[in-house]
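Asker: show me how the following folds:
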Amino acid sequence: MKHKKYLLLLFCALFLITGCKKIPKLENGAEVLVEVDGKQFTANEFFDELKERYGTNVLVNFVNNYITEKEINDDLIKSAKEQAEAEFNYYKSLYKTQWSAFLSNYGYNSDNDFMKDLEESYKQEEVVKKYIKESVITDEEINEYYDKNIAGEITVRHILIKTNTTDSMTDSEKTEAKKKALESAKEIIDTLNKSENLENDFIELAKEKSDDSTASEGGLIENFTNESGLVEAFYDASAKLEVGKMTAEPVETKYGYHVIYKVKQNDKPALDTVREKVISNICDELLSATNAKDIYWMGLREKYGMKIYDSIISDTYKAAANNLKKQS
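Answerer: This is a model prediction of the structure:
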């Protein structure tokens, strides 16, 4: 953040200096910016040096800002502002008494300067997401994600038997504790296999035996999907069960051993009802890849027909683009 701000100031300073009528000129018309020990340095030399070192970054930022203003809408502005405020508040609470030093270290003179920079950054992020959703993600990718990742909501009851192991235990003690928990879970299954009213008896045993916080509710976990954040082994076992059936063997997770009874399985939602969610999830996945944001911004600049006429900046840009693609 600091470098970007200072580079722009350098270029602004250049334009201000070269616009002054009192600047001396050489016979060829070149404006002299500074003289030392009889050596004169011209504005052209200064500009060429800055262009070679920083010109590509500065000009690309100009282009990105222009595209952002063309693409942004009220909803994206609102989202960017909310995200910027959240990040601002996070940093301010994190640094507290060192807040002024934090701002100064990154080249900001005030809270307002920092907030504006955050908002601009999130505006660009929202715009590149919009580009990915509208111009990158294909119908084939949407259908594939929907088939693999979208499922109907599941409701189950479960009984958890914890292994009750601790770090201070020896390996043999941990093994024994796990064995005991597994045996307890199997005994519960044996008991429930004899039941004539499985769900009712499952509820009672959950209240009596389960070590989970859902015990008082008969082990009830409602309306979850593969995106709900449950342990994978638990979800997979629940998804495979028939409604009204119980797992034949205990399901092991990091929490212990589970006995699971399936209460309900909702139909898979139609693609039209979850399309926006699917596209958003795919977009997040794409942006999680190495250098993804920079690569998609390259695509967005191409969409706008960006042409670089200066050979130095063009060569630097192409080299950076090729390097990004190799690293991705």
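Asker: so where do the helices sit in the stretch 1-150 of the chain?
Answerer: All helices of the stretch 1-150 of the chain, identified by DSSP state H, counting those that start in this stretch, fall at 2-18, 43-50, 56-71, 74-95, 99-105, 111-131, 139-149.
Asker: buried ones in stretch 116-134?
Answerer: Across stretch 116-134, burial judged by 16 or more other CB atoms under 10 Å covers 117-132. All C-beta spots, glycine's among them, are computed from the backbone N, C-alpha and C.
Asker: before we move on, the earlier item: make JSON lines out of the helices of the stretch 1-150 of the chain and add distance to T253 and mean pLDDT.
Answerer: Shown next, in JSON lines, are the helices of the stretch 1-150 of the chain (distance: least, CB to CB, whole Å; pLDDT from 0 to 100):
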{"stretch": "helix 2-18", "distance to T253": "46", "mean pLDDT": "45"}
{"stretch": "helix 43-50", "distance to T253": "58", "mean pLDDT": "84"}
{"stretch": "helix 56-71", "distance to T253": "45", "mean pLDDT": "94"}
{"stretch": "helix 74-95", "distance to T253": "32", "mean pLDDT": "96"}
{"stretch": "helix 99-105", "distance to T253": "42", "mean pLDDT": "95"}
{"stretch": "helix 111-131", "distance to T253": "34", "mean pLDDT": "96"}
{"stretch": "helix 139-149", "distance to T253": "21", "mean pLDDT": "96"}
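Asker: buried residues in the helix or strand where K264 lies?
Answerer: Assigned by DSSP states H and E, K264 falls within strand 256-265. Using 16+ other CB under 10 Å as the test for burial, strand 256-265 gives G256, Y257, H258, V259, I260, Y261, K262, V263, Q265.
Asker: would you confirm that the last one contacts I154?
Answerer: Right, Q265. Yes. The criterion here is CB atoms under 8 Å, and Q265 meets it with I154 at 5.6 Å.
Asker: now the terminal residues of stretch 212-224, how far apart.
Answerer: Using CA to CA, to the nearest Å, the end-to-end distance of stretch 212-224 comes to 17 Å.
Asker: list the buried ones in that stretch?
Answerer: D212, T214, A215, G218, G219, L220, I221, F224.
Asker: identify the residue nearest the second one in space, chain neighbours excluded?
Answerer: Spelled out, it's T214. What sits nearest to T214 in space, not counting adjacent residues and going by CB to CB, 6 or more residues apart in numbering, is L220, at 5.8 Å.
Asker: need the helices of the stretch 1-150 of the chain in CSV (columns: distance to T163).
Answerer: Shown next, in CSV, are the helices of the stretch 1-150 of the chain (distance: least, CB to CB, whole Å):
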stretch, distance to T163
helix 2-18, 51
helix 43-50, 64
helix 56-71, 53
helix 74-95, 37
helix 99-105, 45
helix 111-131, 43
helix 139-149, 31
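Asker: quick revisit: show the average pLDDT along the strand holding K264.
Answerer: Across strand 256-265, pLDDT averages out at 98.
Asker: quick one: L287 and A84, what's the gap?
Answerer: As judged by CB to CB, to the nearest Å, L287 and A84 stand 18 Å apart.
Asker: more neighbours: these two, which one.
Answerer: Neighbours per residue (other CB atoms under 10 Å) separate L287 from A84, with A84 holding more: 20 against 15.
Asker: I'd say that one and E126 touch.
Answerer: No. Applying CB under 8 Å as the test, A84 and E126 come out as separate, 10.7 Å apart.
Asker: joint contacts of these two?
Answerer: Common contacts of A84 and E126 (CB atoms under 8 Å, 6 or more residues apart in numbering): none found.
Asker: can you give me the strands in the stretch 201-328 of the chain?
Answerer: Using DSSP state E, counting those that start in this stretch, the strands of the stretch 201-328 of the chain run over 220-224, 251-253, 256-265.
Asker: and these as TSV, adding distance to G107?
Answerer: Converted to TSV, the strands of the stretch 201-328 of the chain look like this (distance: least, CB to CB, whole Å):
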stretch	distance to G107
strand 220-224	46
strand 251-253	48
strand 256-265	52
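Asker: tell me which of the ones you listed sits nearest to L59.
Answerer: Closest approach to L59 among those (CB to CB): strand 220-224, 49.4 Å.
Asker: list the strands paired with that closest one, with their directions.
Answerer: Strand 220-224 has the following sheet partners, assigned by DSSP bridges: strand 154-161 (antiparallel).
Asker: between the strand it pairs with and strand 256-265, how big is the angle?
Answerer: Interaxial angle of strand 154-161 relative to strand 256-265 (axes from the mean of the first three to the mean of the last three CA atoms, to 10 degrees): 160 degrees.
Asker: pLDDT (mean, whole number) over strand 154-161?
Answerer: 98.
Asker: got the CA coordinates for that strand in CSV?
Answerer: Written as CSV, here are the backbone C-alpha positions of strand 154-161 (Å, rounded to 0.1, in the frame of the first residue of the first chain):
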residue,chain,number,x,y,z
ILE,A,154,-30.4,-34.0,5.8
THR,A,155,-31.7,-34.4,9.3
VAL,A,156,-30.3,-37.0,11.6
ARG,A,157,-30.1,-38.0,15.2
HIS,A,158,-26.8,-39.2,16.6
ILE,A,159,-25.2,-40.6,19.8
LEU,A,160,-21.6,-39.7,20.4
ILE,A,161,-19.3,-41.7,22.6
